[in-house]
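> build me a model:
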Amino acid sequence: MMRKVLISLILFYSCLNAQIDISASMGLDIKNSPVLKDYINMNFAKGSNQISSFKSSVSFVPEIDYKIQRDFAIGIEYSLQIVSYSNSVGAGGIYEISYYIHRPSILAYYVVPGEGYQFKFGGGLGYRYAALTEKIFTSSNYTADGIGFLIKAEGNTLLSKNLYALIGGNLRYDSIGELSNGSYKIKNNSTGENLNLSSISFGIYLGLTFSF
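A predicted model of the protein is given here:
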């Protein structure tokens, strides 16, 4: 009985002293998707319209973190990445490809707190889901899923009592399988390889954090 009471008191004390951070940020990802790059460059892009090895994309990230200890936190983020490309083909035709990737992740951080600031260093992993639309005269939709990993570092500077300005960077690897539409998959006829959206990327992001 005494042991249960002691455990309950420890948990209650931990909750009283815990801190929750809620943040929202917008970022720019510089990513390399080699299979996608080859597919577009070999089939739909010529000269200056070809995609370089690294392409920029936009991401939006809400996140919630729970500080178990003063220097350790766990969290969940949801990252939405948006990518698009278009190019003229043939006699007045337009080729368009766009996709978004849902990137939820479970995170763990080492936290360095200070007076008016805090730094977080950590990483995590999570499920990845991609939805792609390709238009060659008519539009077709495809989906794929997989898993992703990331490491990240961020700094928070106090603006007011509970509000912080946020700046950070991350390195991601997303392993996303072959895109399909029912039984049909997009194939690069030049290489014989089915299209996937696996990528490695570096991102920087800015936002706000509310702590309570």
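
> okay, and the beta partners of the residue nearest the centre of the chain?
For the chain, residue 79 is the residue whose C-alpha lies nearest the centre (C-alpha atoms, centre = their mean; 4.2 Å). With DSSP bridges as the criterion, residue 79 is bridged to residue 103.

> and residue 125, by the same measure?
Legend: beta-bridge partners of residue 125 under DSSP bridges are residue 106, residue 149.

> near residue 109, how many other residues are there?
Residues lying near residue 109 (other C-beta atoms under 10 Å) number 23. C-beta here means a position set from N, CA and C on the backbone, and glycine is covered the same way.

> okay, and it sits in which element?
strand 93-114 (DSSP states H and E).

> for that strand, name the packing helices and strands.
strand 55-69, strand 72-89, strand 117-136, strand 138-158, strand 163-176 (3 or more C-beta pairs under 8 Å, 6 or more residues apart in numbering; DSSP states H and E).

> mind putting these in CSV, mean pLDDT and distance to residue 49 included?
Output for those, formatted as CSV (pLDDT from 0 to 100; distance: least, C-beta to C-beta, whole Å):
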stretch, mean pLDDT, distance to residue 49
strand 55-69, 96, 13
strand 72-89, 93, 5
strand 117-136, 97, 15
strand 138-158, 97, 20
strand 163-176, 98, 25
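
> I'd like to know which of these is closest to residue 201.
Closest to residue 201 of the helices and strands packed on strand 93-114 is strand 163-176 (C-beta to C-beta; 4.9 Å).

> quick one: that closest one to strand 138-158, angle?
140 degrees (axes from the mean of the first three to the mean of the last three C-alpha atoms, to 10 degrees).

> just checking: what are the partner strands of strand 163-176?
Strand pairing for strand 163-176, using DSSP bridges, gives strand 138-158 (antiparallel), strand 199-211 (antiparallel).

> okay, those, which one's buried deepest?
strand 199-211 (a mean of 18; mean count of other C-beta atoms under 10 Å).

> the inter-axis angle of that one versus strand 93-114?
Between strand 199-211 and strand 93-114, the angle comes out at 50 degrees (the same axes, to 10 degrees).

> wait, the residue nearest to the centre of the chain sits on residue 60?
Yes - assessed by C-beta atoms under 8 Å, residue 79 is found in contact with residue 60 at 7.3 Å.

> got phi/psi on residue 177?
In terms of degrees, to the nearest 10, the main-chain angles of residue 177 are phi -70, psi -170.

> so what's residue 64 closest to, chain neighbours aside?
In space, and not counting its chain neighbours, residue 64 is closest to residue 22: 5.2 Å by C-beta to C-beta, 6 or more residues apart in numbering.

> that neighbour: which element?
According to DSSP H and E, residue 22 maps onto strand 19-32.

> now residue 52, nearest residue through space, not along the chain?
Nearest one to residue 52, counting by C-beta to C-beta, 6+ apart, is residue 37 at 7.9 Å.

> quick one: that neighbour is in a helix?
Yes - using DSSP: H, G, I helix; E, B strand; the rest coil, the assignment for residue 37 is a helix.
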